[in-house]
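Participant: Dropping a prediction and its sequence here:
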Number of protein chains: 2
Amino acid sequence: MKTTIDDVAALAGVSIKTVSRVMNNEPAVRATTRDKVMKAVEELNYRPNAAARSFASKHSFTIAVLYDNPNAYYVTDIQRGLLNCLRRQNYELIIHPVSASENYDDIISSLKLGARVAGVVLTSPFSEDQTLLDRLTQEDIAYVKIISSALPDDIDEHAVYVDDAAGSEQISRHLVQLGHRNIAAVMGTESHFSSIQRLEGFKRVMKQNDIEVPETSIIASEYTFDAGQEAGIKLLSRASRPSAILAGNDELAAGVLSAARQLDLKCPDDVVIAGFENSPFSRQSWPQLTTVHQNNIYIAELAALRLLAKVSGKGDTSEPLSYTPRLIVRESTVGKV
Amino acid sequence: MKTTIDDVAALAGVSIKTVSRVMNNEPAVRATTRDKVMKAVEELNYRPNAAARSFASKHSFTIAVLYDNPNAYYVTDIQRGLLNCLRRQNYELIIHPVSASENYDDIISSLKLGARVAGVVLTSPFSEDQTLLDRLTQEDIAYVKIISSALPDDIDEHAVYVDDAAGSEQISRHLVQLGHRNIAAVMGTESHFSSIQRLEGFKRVMKQNDIEVPETSIIASEYTFDAGQEAGIKLLSRASRPSAILAGNDELAAGVLSAARQLDLKCPDDVVIAGFENSPFSRQSWPQLTTVHQNNIYIAELAALRLLAKVSGKGDTSEPLSYTPRLIVRESTVGKV
DNA sequence: AAAATAAATGACAGCGCTGTCAGTTTCCGT
DNA sequence: ACGGAAACTGACAGCGCTGTCATTTATTTT
């Protein structure tokens, strides 16, 4: 037999409304009353019915995260960050990997149907899809987007800005300072803003240093090991072999590294390779990769915090949220330390 | 203004109960009636209120997965497999990474409080924790556990059995067949059944081949790169250096590989190294790792299927569910192919 | 000590749907 | 064409909680 709020009220000798107040930590309850209720709750091992609660209150304690990212480290980091924040407030996280084929209606439907979420966290590329954002607004679903961009003038309070370009500039500058002039880049496809931003940062630094980068030295590909390997082979078997290669993420960099090995080129002696993201295997590759650290757990925490502030209506939501990645130098560019 | 079931009923000219029947795909509705209702639903863009629905029906369309696993690839594979199955039936997945410190009550509470789940999928080590299983039964929460074991005589219909020992035997036999006699093992800690099973399989094969394995050749450690590295250094700098090392998973193996490199030992020429799991970086390491393939996506699909069968009451639940991993031979044991 | 104010508590309706069961229509065999 | 079974549909209660607002009790003010 499951205990209801009525049982608790009866045992504690108060009204069900008072029990409700205690369960929801509402302020207007005398301490002695609260204790009385809590004792009854414990004695009966009472737990409120979540369905009834969110039905009656029209409020959901579930938020969803949308992503389309093959990178396991990214995905788990984002999840962990979100949960770090949500757990404290007793929210649950439902996950929503979306395959490219799905259309907006399917996404919206499952958001409303499955769990009637309180809000959604959007990662790239959904965070960049204005049509989807409009649909969410129209359907009255709160959202926060994690987006690759420097802090703009007109700040969107729904956004967490990640300044990929700045990170890319740092690492590009590092390569230049090391004396490299023939530098190639293996970047992700344009479907993600981050790819574009990272390429932008790279190009900007090259220009600042009067380094010409021919079109053939820039390859766009998927964020995968295999794509990195393929691109690496192409670049490193050219007559004018680049002395440094900047990869769009660590996985690509690992692929390039593998290509170098296949061609019997030593890293960093024959070619210097840099990654992006500071994912675990940038440390596990050999040599360890110079990369740009992006604290995705922290970024996700920011996103969750903002989303909770929005759905609960309390907390400041005007403060801009942003994150700037930072350079991490390891062996793949400077050799043994 | 949000549309309710009443609006739809009015527009379609039927009772709300009939609309309810249509929305839930119940059988006893004439085709023409169904069409009439569907038209009204589309016209009004009606979506049932999930909270009200699960409140009234006492049924939840959410299941949770519990894990305590630092391995990003494992986690995302399990999630993907579960969702593959759940999506088709319009269930949602909430994720529940659990830190070691949490106690049973906290776990149960959040399961009941946050989303009143229909059921739970348990991965190791929770799947092996009888106290927790008992608590779940007592709280009337359906579960399925993914557990490391050969198919036993008394089959538990809540279990998906993964025969780690058999996989371990395959790879151990492979090492023996390659002519190795001085073989060491770097295994996970005993907190996971899988570690124990993998070690068992290894020992069994050694015994079958009359190979003595001294205690010092078996190291138990965390399933991490760093632990593998540490263990590798220890094993490979011994006087009687092993000619082959079997690691408990790919991450450990990568660590051992890194240790070999530090000691200027070539793999597979000086020492042969094997992993377990066939995670992506067994392919991305250099040389690529011989390993045991464990299809976690498939395993998770089995688990989800069984759980749905249990909570919905339809579908066969008597058939035993099991999976046997299989050997994958790559360069780290046999060299260039 | 009475009046005015604030704090704490309770009564009650109703959220939007589903389960139950009774009522109505259709179908079939004879 | 008729009775009975089967298929379909609707009326209605009520799930367990929260929001609103009225009521009671404690606290402060004059």
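Facilitator: Looks like it came in fine. Since the model is a prediction, treat every value here as computed from it, not as a measurement. Numbering: from 1, shown residues only, chains lettered A, B, ... in the order given.
Participant: can I assume A:Gln170 is in contact with A:Val329?
Facilitator: No: judged on Cβ atoms under 8 Å, A:Gln170 makes no contact with A:Val329 at a distance of 10.1 Å. In this view, the C-beta of every residue, glycine as well, is placed from N, C-alpha and C.
Participant: Okay, strands next: where are they in the stretch 101-250 of chain A?
Facilitator: If DSSP state E, counting those that start in this stretch is used as the criterion, the strands of the stretch 101-250 of chain A fall at A:119-122, A:142-148, A:159-162, A:183-188, A:218-221, A:244-247.
Participant: ranges for the helices of the stretch 51-200 of chain A?
Facilitator: Chain-ordered helices for the stretch 51-200 of chain A, with DSSP state H, counting those that start in this stretch as the definition, fall at A:72-88, A:104-114, A:130-138, A:164-177, A:193-208.
Participant: Which one of those helices lies nearest to B:Lys145?
Facilitator: Nearest to B:Lys145 among the helices of the stretch 51-200 of chain A is helix A:72-88 (21.6 Å), distances taken as Cβ to Cβ.
Participant: got the CA coordinates for the closest one in CSV?
Facilitator: Taking Å, rounded to 0.1, in the frame of the first residue of the first chain, the C-alpha atoms of helix A:72-88 are listed here in CSV:
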residue,chain,number,x,y,z
ALA,A,72,31.8,10.6,-26.3
TYR,A,73,34.0,12.8,-24.1
TYR,A,74,32.1,15.9,-25.0
VAL,A,75,28.8,14.3,-24.5
THR,A,76,29.6,12.8,-21.1
ASP,A,77,31.2,16.1,-19.9
ILE,A,78,28.2,18.1,-20.8
GLN,A,79,25.9,15.6,-19.1
ARG,A,80,28.0,15.6,-16.0
GLY,A,81,28.1,19.4,-15.8
LEU,A,82,24.4,19.7,-16.3
LEU,A,83,23.7,17.1,-13.6
ASN,A,84,26.1,18.7,-11.2
CYS,A,85,23.8,21.7,-11.2
LEU,A,86,20.4,19.9,-11.6
ARG,A,87,20.9,17.4,-8.9
ARG,A,88,21.2,20.1,-6.3
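Participant: how close does A:Val329 sit to DNA strand D?
Facilitator: Relative to DNA strand D, A:Val329 is positioned 53 Å away (criterion: Cβ to the nearest atom of the strand, to the nearest Å).
Participant: Next, work out how far apart that residue and A:Thr290 are.
Facilitator: Distance, A:Val329 to A:Thr290, using Cβ to Cβ, to the nearest Å: 5 Å.
Participant: Residue of the stretch 51-200 of chain A closest to DNA strand C, please.
Facilitator: Among all residues of the stretch 51-200 of chain A, A:Ala56 sits closest to DNA strand C, at 3.9 Å; criterion: Cβ to the nearest atom of the strand.
Participant: What pLDDT does the model give that residue?
Facilitator: As summarised for this prediction, A:Ala56 has a pLDDT of 93.
Participant: Same check on the one 5 residues further on?
Facilitator: Among the per-residue scores, A:Phe61 holds a pLDDT of 87.
Participant: shouldn't it be in contact with A:Asn24?
Facilitator: No: here A:Phe61 lies out of contact with A:Asn24, judged by Cβ under 8 Å, at a distance of 11.4 Å.
Participant: Tell me which of these two has more neighbours.
Facilitator: Legend: neighbour count by other Cβ atoms under 10 Å in any protein chain shown for A:Phe61 and A:Asn24, higher for A:Phe61 (20 against 11).
Participant: Give the closest residue to the more buried one in space, chain neighbours not counted.
Facilitator: The shortest distance from A:Phe61 to any non-neighbouring residue, by Cβ to Cβ, 6 or more residues apart in numbering or on different chains, is to A:Tyr91 (5.1 Å).
Participant: Pull the number of nearby residues for the one you found.
Facilitator: Taking other Cβ under 10 Å as the criterion, the count of residues near A:Tyr91 is 24.
Participant: Please apply the same query to A:Asp140.
Facilitator: 8.
Participant: tell me which parts of chain A are close to DNA strand D?
Facilitator: Chain A has residues A:2, A:4-6, A:16-17, A:20, A:23-24, A:48-49, A:52-53, A:55-57, A:59 near DNA strand D, with proximity defined as Cβ under 7 Å from any atom of the strand.
Participant: So for stretch A:298-309, what gets flagged as buried?
Facilitator: For stretch A:298-309, the buried set under the neighbour-count rule, 16 or more other Cβ atoms under 10 Å in any protein chain shown, comprises A:299-309.
Participant: how near is the closest residue to A:Arg80 other than its chain neighbours to A:Tyr323?
Facilitator: In space, A:Arg80 comes closest to A:Ile297 once its chain neighbours are excluded; the distance is 5.4 Å by Cβ to Cβ, 6+ apart. Using Cβ to Cβ, one obtains 11 Å as the distance from A:Ile297 to A:Tyr323.
Participant: Neighbour count: the two, which is higher?
Facilitator: In this view A:Ile297 and A:Tyr323 are compared by other Cβ under 10 Å, and A:Tyr323 has more residues nearby, 20 against 16.
Participant: So that one is in contact with A:Asp164, correct?
Facilitator: No: checked against Cβ under 8 Å, the pair A:Tyr323 and A:Asp164 is beyond contact range at 9.8 Å.
Participant: Can you flag which of the buried residues of stretch A:298-309 belong to helices?
Facilitator: Secondary structure from DSSP state H places A:299-309 of those in helices.
Participant: Tell me how many other residues crowd the closest residue to A:Arg181 other than its chain neighbours.
Facilitator: Leaving aside its sequence neighbours, A:Arg181 sits nearest to A:Ile211 (Cβ to Cβ, 6+ apart; 5.7 Å). Using other Cβ under 10 Å as the criterion, A:Ile211 is surrounded by 16 other residues.
Participant: Can you give me the distance of the nearest residue to A:Thr333 once chain neighbours are set aside to A:Asp226?
Facilitator: Take A:Thr333 and drop its neighbours on the chain: the residue closest to it by Cβ to Cβ, 6+ apart is A:Thr290, 4.1 Å away. For A:Thr290, the distance to A:Asp226 (Cβ to Cβ) stands at 22 Å.
Participant: same question, A:Arg330
Facilitator: For A:Arg330, the distance to A:Asp226 (Cβ to Cβ) stands at 23 Å.
Participant: what do you get for A:Gln208?
Facilitator: Distance, A:Gln208 to A:Asp226, using Cβ to Cβ: 33 Å.
Participant: Who has more neighbours out of the two?
Facilitator: When neighbours are counted by other Cβ under 10 Å, A:Asp226 comes out ahead of the other of A:Gln208 and A:Asp226, with 15 against 12.
Participant: With adjacent residues omitted, what lies nearest to that one?
Facilitator: Counting by Cβ to Cβ, 6+ apart, A:Asp226 lies nearest to A:Gly255, which is 6.4 Å off, once chain neighbours are set aside.
Participant: pLDDT (mean, whole number) over the one helix or strand the one you found maps to?
Facilitator: Assigned by DSSP states H and E, A:Gly255 falls within helix A:250-262. Taken as a whole, helix A:250-262 has an average pLDDT of 92.
Participant: and A:Ala9, what is it in contact with?
Facilitator: A:Ala9 is in contact with A:15-16, A:18-19, counting by Cβ atoms under 8 Å, 6 or more residues apart in numbering or on different chains.
Participant: Excluding chain neighbours, what is closest to it?
Facilitator: Spatially, and ignoring its direct neighbours in sequence, A:Ala9 is nearest to A:Ile16 (4.4 Å; Cβ to Cβ, 6+ apart).
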